[in-house]
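Enquirer: Need a 3D model of the sequence below.
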Amino acid sequence: MNKHKVHAWKQLMAFLLAALAAMPSWALFEKYQPTVVVDDPYIEMHTAPGRGYPVFYVAGRGEEVTVLKRQTDWFKVRTDRGKEGWVKLAQMRQTLDLDGGEIDWKEVDFEDFSNRRWQLGMSGGDFDGARTLTAYIGYALTPNITLQLEGGEVLGDFSDGETAAASILMFPFPEWRISPYFTIGTGFIRTQPHTTIVQTEDRDDEIAHAGIGADVYLSDRFVLRMEYKRHTVLTSRDDNQEVNQWKAGFSVFF
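Expert: Reported below is the predicted structural model:
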């Protein structure tokens, strides 16, 4: 097994998941940037979204700040003096609109999971006895139908493989916290045998699959996904292969 390849894929998948988690949670602030007034004695502005980042500016009571975007429970704001920083949700609740009214700073909850549009994640599992690592991104065409693209690595004792597939996921009950789905799709697999005394050529084959799975809403924007697929590898030797794949992993949605 190529340990460097395994490590590279783990790094790639971790980066993809972190990148998606860093995206703004609400598209509202991309189009509409409201101005609010600090109602608490002060709110603290951090250099980045996280308690570990230092406070570099304090906006006092009566000061106006403009909300630029949201990232989970952190808001990027700009003061009327041009200072930009990140404020925690708990402190944003101590602000009022320009008319003095309270603002409903909605948290990410189960309703957002039910209405999710994009979902990106990573998973690992078993592909006919070999280890598999997969990264995927899905877009919900309707609440019941999602189009998904994925790419992965199959890491075996005698050969490695690379896979790519397009799938349709059908969610009969998208409003359930544990939301089952059916999937069908097609793609290809490239098999790369390990070097032996007798050199074997790499092989490219089409692949089709059908399967079942479930998305389990955890909290915030995180989802646990479990999935089983039955693959048919359409080889050029007229001896199609049936392969079982089990995998589980995590994703984030927005």
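Enquirer: can you give me the helices in the protein?
Expert: Remark: helices assigned in the chain by DSSP state H are 3-21, 28-31, 89-92, 110-114.
Enquirer: pLDDT on the first one, on average?
Expert: What helix 3-21 shows for mean pLDDT is 53.
Enquirer: How about stretch 182-193?
Expert: 90.
Enquirer: in it, what's buried?
Expert: Thr183, Gly185, Gly187, Ile189, Thr191, Gln192, Pro193 (16 or more other CB atoms under 10 Å). Where C-beta positions appear, they are placed from N, C-alpha and C, glycine not excepted.
Enquirer: Including distance to Thr146, could those residues go into JSON lines?
Expert: Below are the buried residues of stretch 182-193 laid out as JSON lines (distance: CB to CB, whole Å):
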{"residue": "Thr183", "distance to Thr146": "9"}
{"residue": "Gly185", "distance to Thr146": "11"}
{"residue": "Gly187", "distance to Thr146": "16"}
{"residue": "Ile189", "distance to Thr146": "22"}
{"residue": "Thr191", "distance to Thr146": "28"}
{"residue": "Gln192", "distance to Thr146": "31"}
{"residue": "Pro193", "distance to Thr146": "35"}
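Enquirer: hang on, isn't Arg116 packed against Val252?
Expert: No: at 9.6 Å, Arg116 does not count as touching Val252 under the criterion of CB atoms under 8 Å.
Enquirer: What confidence value was assigned to the residue nearest to the spatial centre of the chain?
Expert: Nearest residue to the geometric centre of the chain (CA atoms, centre = their mean): Leu120, 2.8 Å. You'll see Leu120 listed with a pLDDT of 90.
Enquirer: Any idea what Val154 is bridged to?
Expert: Assessed by DSSP bridges, Val154 has beta-bridge partners Thr132, Gly161.
Enquirer: cool, Arg190 as well?
Expert: Here Arg190, judged by DSSP bridges, has bridge partners Glu162, Asp204.
Enquirer: what do you get for Gln71?
Expert: Trp74.
Enquirer: Does it touch Ala48 like I think?
Expert: No: counting by CB under 8 Å, Gln71 does not reach Ala48; the two are 9.6 Å apart.
Enquirer: shared neighbours, these two?
Expert: Trp86 (CB atoms under 8 Å, 6 or more residues apart in numbering).
Enquirer: Comparing the two, which residue is more hemmed in?
Expert: Applying other CB atoms under 10 Å to Gln71 and Ala48 shows that Gln71 carries more neighbours, namely 18 against 12.
Enquirer: Tell me the spacing between Glu150 and Asp99.
Expert: 48 Å (CB to CB, to the nearest Å).
Enquirer: of those two, who's got more company?
Expert: Neighbour tally, Glu150 and Asp99, criterion other CB under 10 Å: the higher count belongs to Glu150, 19 against 6.
Enquirer: Spit out the contact partners of the more buried one.
Expert: Counted by CB under 8 Å, 6+ apart, Glu150 has contacts Thr134, Ala135, Tyr136, Ile137, Thr163, Ala164, Ala165, Ser167.
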